[in-house]
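Trainee: coordinates for the following, if possible.
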Amino acid sequence: MKRDLDFLRMAYRMHKLIGDVTPETEQLVADDFETSADKFAANVAFRFEGGLTTYAEFDAQANRIAHWALAHNLKAGDRVALCMENCPDYVAIWVGLAKVGVVTALINTHLDGDALRHCLTISEASHIIAGATRDKAVTEASATMDGPPQVWTWGGEHGEDIAAMLP
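Mentor: Have a look, this model is predicted:
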């Protein structure tokens, strides 16, 4: 119970600090990441599986994702579903898409079949980015959707390899 109350207090303070996010909001999460990257470029942003990613490296990866999104005609308000295992690239994809105003639907990686198809359908995403362990399930689930979205893979075998296309 104490942890729940602590979380609610923290969430309330965060909401007071940030306020409501609307289409007119000028300062977004991607801007906060960019500010941190500028301020702490050489500092470690992520420690993952024995590797280190600095803020500068993270921001460069997010920028590559943003350029990829623009090259594929994604624009502010478009939706992309992201079904990927946790790793620094997961966050870089989310932030990179946010830099161009794309809404990212974060899809639970434990879903399969009809449940996965339902989440992908209600996301109304025109593109899906799937991690290497999820690309097969995502490809199968999306194949029966009306006007199936473009499926991209991050290091997998099913869908077009997004990492290979980054500038």
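Trainee: neighbours of V151, just the number please.
Mentor: 24 (other Cβ atoms under 10 Å). Where C-beta positions appear, they are placed from N, C-alpha and C, glycine not excepted.
Trainee: can you list contacts of the helix or strand where it lies?
Mentor: Secondary structure from DSSP states H and E places V151 in strand 150-154. If you take Cβ atoms under 8 Å, 6 or more residues apart in numbering as the criterion, strand 150-154 is touched by 84, 89, 93, 126-132, 135, 138-139, 142, 158-163.
Trainee: now stretch 128-142
Mentor: Under the criterion Cβ under 8 Å, 6+ apart, external residues in contact with stretch 128-142 comprise 80-85, 87, 90, 93, 107, 109, 111-113, 116-117, 120, 148-159, 162.
Trainee: let's check: the centremost residue of the chain is which one?
Mentor: Among the residues of the chain, the one closest to the centroid is W94, at 2.4 Å (Cα atoms, centre = their mean).
Trainee: residue contacts, that one?
Mentor: Residues near W94 by Cβ under 8 Å, 6+ apart: L82, T104, L106.
Trainee: how about those residues in TSV, adding secondary structure, neighbour count and distance to M1?
Mentor: Converted to TSV, these look like this (DSSP: H, G, I helix; E, B strand; the rest coil; neighbours: other Cβ atoms under 10 Å; distance: Cβ to Cβ, whole Å):
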residue	secondary structure	neighbour count	distance to M1
L82	strand	23	33
T104	strand	19	33
L106	strand	13	28
